[in-house]
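# structure of the sequence below:
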Amino acid sequence: MKKIVQRWGAPVLASLLWAGLLTRRSSNLDILGRYSVTFFLALAAWGLLVAVLWRIACNPGRFDRLSAAMRHHRLLPACSVVVLGAAAAGFVLRRNAWTPPLLVLLALALAVASAADARRAARHLLKGLAASVFSTVLCIALLEGLLAVVHPVPPAVETLMYYEPDPYTGYRHKPGSKGFYQHGITAEANRCGHRDDEVAVKKLPGTYRILLLGDSYAMGYDVRQEEAFPQVLESALRARLGDRIEVVNAAVSGWQPFQYAQYCEHYGAPFEPDLVIVTLFVGNDAYNQDRSVEDCWTAIRGVRVTREAARRRAASWFRILLYERSHLVRLVMNRRVLARSSEQADFTRKHCDDFSEPYLRITRDWLPNHLRETEEQRRLASNAVFQVGRIGRWGADRQAPVAAFLIPFELQISPALRRRVVDEDSAAHYDFDMPQKMLTRLLAERGIRVVDPLPEFRAATNCFYMNDAHWNADAHRLAADVLLTNLLAVLPLPRR
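Numbers count the residues shown, from 1 in each chain. Predicted coordinates:
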């Protein structure tokens with residue numbers, strides 16, 4: 001029994017620490033997307049310490065020389081001073097809770113290594129550590145092989161959509177990936193990276209194809225794929241005009257007008273669209289200032305992160321490599337992701353005026369979007385107008401007209417919401433027909449036709465929004481109806 005404990009104790013402890021590394025989530029979303037590099041280093045340091053202590057406990061006689069050398073050279077007082085200095089430095093830096101212990105372990109390691117008489121003990125230590133590492137790697141390799149044969153684990157099941165870096169748009173949906181929204185709603189990307197039915201990139205003869213660009217509203221955030229208005233619109237058009245109508249939904253959650261234009265210019269041509277519809281949400285698209293890929297977010301292991309966070313990902317390649325290559329790593333990480341997705345907040349409302357506090361905060365943040373039109377408002381909107389103009393020029397080169405569909409915010413529709421966030425003293429500063437009124441005029445100057453569903457949303461009595469600011473299925477149906485009416489009346493669509 002003693003030999004079993006001595007031989008397998010350290011590998012078992014190391015394996016537990018390895019599992020802890022894989023399942024630990026950092027509260028700092030700016031490091032490795034959702035993982036902390038410091039935690040990885042700290043865990044490695046603590047694992048080393050556990051292995052050392054284990055070997056000392058199992059073979060105390062081998063370390064007599066080490067302790068005698070430390071006493072002879074009076075290293076213990078020196079170590080104490082170094083430890084205190086390291087701890088003080090960690091406290092002053094206040095990087096995180098792991099900094100002081102990491103510095104302490106580093107100081108101890110340097111002090112021990114400086115003892116000339118400790119070399120023999122160090123050799124014994126290294127042999128023990130090598131045996132521990134070898135047995136741990138062997139255990140992991142056996143588990144990995146067993147999973148690969150008996151229970152292969154597919155790549156990433158992620159909450160929301162699963163993203164990959166893109167050189168032109170910053171990030172996009174990873175083709176063939178799968179995620180989940182609230183209530184277990186699946187969020188799958190087809191082989192083109194769209195949340196849409198599979199579609200041949202090359203258009204079949206006689207097909208009229210609409211390419212739709214947008215963000216989470218157009219993509220169908222928090223509703224089923226078939227409930228998203230691009231899919232509803234396609235079904236309605238086919239019911240009236242025949243099956244040779246296609247709506248290619250290329251929308252990606254979080255994209256901005258610059259990314260719409262980038263996608264069109266770099267990926268749109270193979271789809272050969274006959275019409276391009278650009279959706280603009282007045283909450284965060286109208287005044288967005290992204291003008292280059294460096295302004296856009298990117299993705300690490302399926303999660304969107306800022307460019308600054310991506311530049312700080314010192315060990316991201318290692319984590320990504322593990323995740324993409326290891327069934328064991330995916331098994332552990334995916335189980336945690338699924339647990340997190342099942343606990344995801346429910347944004348549905350009990351009634352129309354059931355506003356959550358986080359939603360009220362979002363509304364207050366977007367309240368300045370509805371200030372009365374000024375020169376400053378026009379300046380801020382100029383970038384979105386320019387990006388849609390890029391798409392207009394791209395479409396003109398291919399004889400494909402471009403239309404903009406303006407998605408309203410609930411603050412423009414709900415008097416109850418306005419009463420909650422707008423003070424009576426400041427109400428005169430706002431115009432809740434803005435920024436649609438301004439965007440319609442500015443886009444028309446660039447030859448872009450605008451479809452504004454705000455009047456139809458105001459006239460309806462349904463509840464259209466959830467407490468994450470996104471549309472429910474009723475809103476998607478109304479948006480599809482408004483688009484259908486405009487398309488049938490104006491654009492040269494094919495007839496049966």
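
# am I right that residue 363 is in contact with residue 412?
No: under the criterion of C-beta atoms under 8 Å, residue 363 makes no contact with residue 412, lying 10.9 Å away. Every residue, glycine included, has its C-beta placed from N, CA and C.

# ranges for the strands of the stretch 251-400 of the chain?
275-281, 298-300, 303-305 (DSSP state E, counting those that start in this stretch).

# tabulate the CA atom coordinates of the longest one in CSV.
Okay, so that is strand 275-281. Output of strand 275-281 as CSV, limited to C-alpha atoms (Å, rounded to 0.1, in the frame of the first residue of the first chain):
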residue,chain,number,x,y,z
LEU,A,275,-30.6,42.7,-53.8
VAL,A,276,-28.8,43.6,-50.6
ILE,A,277,-30.6,44.5,-47.4
VAL,A,278,-28.5,46.2,-44.7
THR,A,279,-30.1,46.3,-41.2
LEU,A,280,-29.2,49.1,-38.9
PHE,A,281,-30.1,49.0,-35.2
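
# partner strands of it, parallel or antiparallel?
Next to strand 275-281 in the sheet, as set by DSSP bridges, lie strand 208-213 (parallel), strand 402-407 (parallel).

# for these, give me JSON lines that also has mean neighbour count, mean pLDDT and distance to residue 252.
Listed next are those as JSON lines, based on neighbours: other C-beta atoms under 10 Å; pLDDT from 0 to 100; distance: least, C-beta to C-beta, whole Å:
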{"stretch": "strand 208-213", "mean neighbour count": "24", "mean pLDDT": "96", "distance to residue 252": "9"}
{"stretch": "strand 402-407", "mean neighbour count": "24", "mean pLDDT": "97", "distance to residue 252": "15"}
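
# rewinding a little: which of the strands of the stretch 251-400 of the chain is buried the deepest?
Among these, strand 275-281 has the highest mean neighbour count (mean count of other C-beta atoms under 10 Å), at a mean of 26.

# quick one: average confidence on that strand?
Mean pLDDT, strand 275-281: 97.

# if we can go back for a sec, export the strands paired with strand 275-281 as CSV, with columns for distance to residue 445.
Converted to CSV, those look like this (distance: least, C-beta to C-beta, whole Å):
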stretch, distance to residue 445
strand 208-213, 20
strand 402-407, 12
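
# helix or strand with the lowest mean pLDDT in this protein?
Ranked by mean pLDDT, DSSP states H and E, the helix or strand of the chain with the weakest confidence is strand 157-159, at a mean of 47.

# for the helix or strand that it is followed by, packing partners?
Beyond strand 157-159 in the direction of the C-terminus, DSSP states H and E gives the next helix or strand as strand 163-166. Strand 163-166 is packed against strand 170-173, strand 298-300, with contacts defined by 3 or more C-beta pairs under 8 Å, 6 or more residues apart in numbering; DSSP states H and E.

# paired strands for the longest one, with orientation please.
Using DSSP bridges, the neighbouring strands of strand 170-173 in the sheet come out as strand 163-166 (antiparallel).

# contact partners of the partner strand?
171, 172, 173, 174, 177, 298, 299, 300, 302, 303, 304 (C-beta atoms under 8 Å, 6 or more residues apart in numbering).

# show me the two of those that sit farthest apart.
Farthest pair in the contacts of strand 163-166 (C-beta to C-beta) is 177 and 298. Separation: 16.0 Å.

# name the SS class of the closest residue to residue 444 other than its chain neighbours, please.
Counting by C-beta to C-beta, 6 or more residues apart in numbering, residue 444 lies nearest to residue 450, which is 6.7 Å off, once chain neighbours are set aside. Here residue 450 is recorded as strand under DSSP: H, G, I helix; E, B strand; the rest coil.

# need the pLDDT of residue 450.
pLDDT, residue 450: 96.

# okay, now residue 171: neighbour count?
Neighbour count for residue 171, taken as other C-beta atoms under 10 Å: 24.

# go on, residue 458?
12.

# surely it forms part of a strand?
No: Residue 458: not assigned to a strand; according to three-state DSSP it is helix.

# got a pLDDT number for it?
Looking at residue 458, its pLDDT is 97.

# ranges for the helices of the stretch 251-400 of the chain?
257-263, 307-311, 316-325, 327-342, 357-366, 375-397 (DSSP state H, counting those that start in this stretch).

# pull out the buried positions in stretch 464-482.
Neighbour counts using 16 or more other C-beta atoms under 10 Å place 464-473, 475-482 of stretch 464-482 among the buried residues.

# comparing the helices of the stretch 251-400 of the chain by mean pLDDT, which bottoms out?
Among the helices of the stretch 251-400 of the chain, helix 327-342 carries the lowest mean pLDDT (a mean of 57).

# could you list the domains of the chain?
The record assigns the chain these domain ranges, following automatic domain parsing: 2-73+115-150, 202-295+348-490.

# list the residues that contact residue 212.
Counted by C-beta under 8 Å, 6+ apart, residue 212 has contacts 218, 230, 247, 248, 249, 250, 251, 276, 277, 279.

# neighbour-wise, give me the winner out of those.
Result: residue 218 is most packed of the contacts of residue 212 (other C-beta under 10 Å), 30 neighbours.

# got phi/psi on it?
phi -70, psi -30 (degrees, to the nearest 10).

# list the residues that contact it.
Here residue 218 is in contact with 212, 228, 229, 230, 249, 251, 279 (C-beta under 8 Å, 6+ apart).

# measure it to residue 228 for me?
7 Å (C-beta to C-beta, to the nearest Å).

# one more: residue 375?
37 Å.

# what's the pLDDT at residue 177?
Confidence score, pLDDT, at residue 177: 87.

# quick one: low-confidence ranges for the protein?
In the predicted model of the chain, residues 1-129, 131-133, 135-136, 147-148, 150-160, 309, 312-325, 330-345, 490-496 satisfy pLDDT under 70.

# kindly recompute the last result at 80.
Applying pLDDT under 80 to the chain picks out residues 1-160, 180, 182-184, 300-303, 305, 308-346, 489-496.

# wait, doesn't residue 394 sit right on residue 264?
Yes: when contacts are counted by C-beta under 8 Å, residue 394 is listed as touching residue 264 (5.2 Å).

# mutual contacts of the two, please.
residue 276.
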